[in-house]
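Novice: show me the folded form of this:
(one chain, ligands or ions: 1)
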Amino acid sequence: MVYRRKLLKFLPASILALTLAAGLSWPRNASADPAITVVATTSMIADAARQVGGERVAVQALMGPGVDPHAYRQTRSDIAAMLRADAVLWHGLYLEAQLEEFLLELGDRKRVFAVGEAAPRDRLIAHDDYSNKVDPHIWMDPSLWRSVVVAVRDALSEIDPDGTATYAAGAERHLAEVDRLNAYAVERLASVPAEQRVLVTAHDAFNYFGRAFDFEVMGIQGISTESEAGLRRIEELVDTLVSRGITAVFVESSVSDRNVQALIEGAAARGHTVRIGGELFSDAMGPSGTYEGTYIGMIDHNVTGITRALGGDAPAQGMQGRLAAGI
Ligand code: ZN
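Specialist: The predicted structure is shown next:
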């Protein structure tokens with residue numbers, strides 16, 4: 001159990017670090033006197049905790065904008081933060097592949113909640129890369145993300161029973177926003193013409209999106225960014241782009257775009273022009289402090305950008321006029 005050894009080895013240094021850094025590591029926008037402190041692995045889970053917990057909860061995300069959760073490994077300061085927090089919220093479903101063993105070990109001494117695993121099993125899609133695992137990208141379907149918000153509410157209430165009413169109210173308000181987002185996505189994406197309802201992206205993060213909104217989804221890489229896209233896969237996709245007349249493909253903020261460039265060049269060599277339809281947020285949100293740095297803004301950005309790039313009708317600034325222009 002290499003992670004247990006590492007955890008124990010890092011403990012003394014971590015305690016020293018947290019003593020020295022006390023009060024410096026938590027975000028400045030956190031309440032001056034929160035009831036509890038929570039570490040979340042992904043920015044999407046951190047956002048759910050902020051929406052549900054409000055000022056009652058100080059939330060720290062391990063992974064910032066543009067960080068790939070499939071490949072992320074904990075740093076020493078992450079370990080210190082997790083040990084110091086009242087609880088750790090993580091996604092599960094093998095999203096944090098490199099962290100999973102550590103987080104399971106941490107569960108022996110800390111309250112940890114795999115909130116992604118609250119999603120209904122019968123709505124999960126099988127994983128392309130591993131047998132007996134499911135695709136973890138459930139945030140791409142707001143109707144599935146609801147279950148994560150509810151799981152965050154329940155986790156916070158369990159850690160801090162005095163805050164139960166606050167968390168119930170925060171969750172109710174945020175779930176109403178998630179439902180509005182879902183209604184907007186259904187309506188706008190339905191305006192994309194049938195022959196354009198193909199989403200080509202850098203990795204397979206959009207299967208839930210495709211199922212929810214009736215798009216065919218093609219990722220160059222597998223569900224995990226750890227798998228390398230083979231030349232043959234690129235050639236297959238170039239064939240598809242050319243034969244179906246698809247003119248836009250998408251890059252992702254947390255994945256290298258070199259494979260997407262190879263697709264565009266491959267299509268150009270065969271006389272078919274493909275452009276980048278925009279940059280989508282797949283596994284991380286936009287910059288913190290911006291609208292795109294919230295779950296609602298992240299999905300609004302994707303839905304609005306995909307709709308507009310593929311010939312549908314959506315307002316340039318999204319469902320509530322808050323998107324930065326263009327994608
Ligand atoms: Zn992913």
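
Novice: please count neighbours and contacts with C-alpha atoms only from this point.
Specialist: Noted.

Novice: now do the strands in the stretch 201-327 of the chain.
Specialist: 216-221, 248-252, 275-280 (DSSP state E, counting those that start in this stretch).

Novice: identify the residues contacting the first one?
Specialist: Spelled out, it's strand 216-221. 197-207, 210, 227-229, 233-234, 237, 259-260 (CA atoms under 8 Å, 6 or more residues apart in numbering).

Novice: what average pLDDT does that strand get?
Specialist: Mean pLDDT, strand 216-221: 90.

Novice: between strand 248-252 and it, find me the angle.
Specialist: 50 degrees (axes from the mean of the first three to the mean of the last three CA atoms, to 10 degrees).

Novice: residues near residue 269, how many?
Specialist: 11 (other CA atoms under 10 Å).

Novice: I misspoke; the intended subject was residue 166.
Specialist: 19.

Novice: go on, the one 10 residues further on?
Specialist: Number of residues near residue 176 (other CA under 10 Å) recorded here: 12.

Novice: pretty sure residue 143 sits in a helix.
Specialist: Yes - counting by DSSP: H, G, I helix; E, B strand; the rest coil, residue 143 is part of a helix.

Novice: could you pull up the residues touching it?
Specialist: 178-179, 182.

Novice: let me know the pLDDT of it.
Specialist: So, for residue 143, pLDDT stands at 97.

Novice: pick the most deeply packed of the strands of the stretch 201-327 of the chain.
Specialist: Sort the strands of the stretch 201-327 of the chain by mean neighbour count, taking mean count of other CA atoms under 10 Å, and strand 248-252 sits at the top with a mean of 22.

Novice: low-confidence ranges, the stretch 201-327 of the chain, go.
Specialist: 227-229, 325-327 (pLDDT under 70).

Novice: the helices in this protein, which residues?
Specialist: Secondary structure of the chain by DSSP state H: the helices cover 2-21, 43-53, 76-84, 100-106, 142-159, 164-189, 207-213, 231-244, 258-269, 295-309.

Novice: and the ones you listed as a markdown table, adding distance to residue 113?
Specialist: Converted to a markdown table, the helices of the chain look like this (distance: least, CA to CA, whole Å):
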| stretch | distance to residue 113 |
| --- | --- |
| helix 2-21 | 19 |
| helix 43-53 | 11 |
| helix 76-84 | 12 |
| helix 100-106 | 9 |
| helix 142-159 | 7 |
| helix 164-189 | 16 |
| helix 207-213 | 22 |
| helix 231-244 | 37 |
| helix 258-269 | 35 |
| helix 295-309 | 19 |
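
Novice: figure out which of the ones you listed is closest to residue 68.
Specialist: Ranking the helices of the chain by proximity to residue 68 (CA to CA) places helix 43-53 first, at 10.9 Å.

Novice: just the C-alpha atoms of that closest one, please, in PDB.
Specialist: Coordinates of the C-alpha atoms in helix 43-53 are reproduced here as PDB (Å, rounded to 0.1, in the frame of the first residue of the first chain):
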ATOM      1  CA  SER A  43     -13.800  22.800  -9.500                       C
ATOM      2  CA  MET A  44     -17.300  21.600 -10.300                       C
ATOM      3  CA  ILE A  45     -17.700  19.900  -6.900                       C
ATOM      4  CA  ALA A  46     -16.200  22.900  -5.200                       C
ATOM      5  CA  ASP A  47     -18.800  25.100  -6.900                       C
ATOM      6  CA  ALA A  48     -21.600  22.800  -5.800                       C
ATOM      7  CA  ALA A  49     -20.300  23.100  -2.200                       C
ATOM      8  CA  ARG A  50     -20.100  26.900  -2.500                       C
ATOM      9  CA  GLN A  51     -23.600  27.100  -3.900                       C
ATOM     10  CA  VAL A  52     -25.100  24.900  -1.300                       C
ATOM     11  CA  GLY A  53     -23.100  26.000   1.700                       C
END
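
Novice: what helices and strands are in contact with that helix?
Specialist: Under the contact criterion of 3 or more CA pairs under 8 Å, 6 or more residues apart in numbering; DSSP states H and E, helix 43-53 touches strand 57-61, helix 142-159, helix 164-189, helix 295-309.

Novice: one step back: quick one: the strands of the stretch 201-327 of the chain as CSV, columns for distance to residue 163 too.
Specialist: Below are those laid out as CSV (distance: least, CA to CA, whole Å):
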stretch, distance to residue 163
strand 216-221, 41
strand 248-252, 37
strand 275-280, 35
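
Novice: of these, which is nearest residue 140?
Specialist: strand 275-280 (11.2 Å).

Novice: returning to that earlier point: in TSV: the contacts of residue 143, plus neighbour count.
Specialist: As requested, the contacts of residue 143 are exported to TSV (neighbours: other CA atoms under 10 Å):
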residue	neighbour count
178	22
179	14
182	21
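
Novice: with respect to residue 76, which of the helices and strands packed on helix 43-53 lies nearest?
Specialist: It is, among those and with distance given as CA to CA, strand 57-61, at 14.5 Å.

Novice: strands paired with the closest one, and their directions?
Specialist: strand 36-40 (parallel) (DSSP bridges).

Novice: where's the strand it pairs with relative to the chain centroid, distance-wise?
Specialist: 18 Å (CA atoms, centre = their mean, to the nearest Å).
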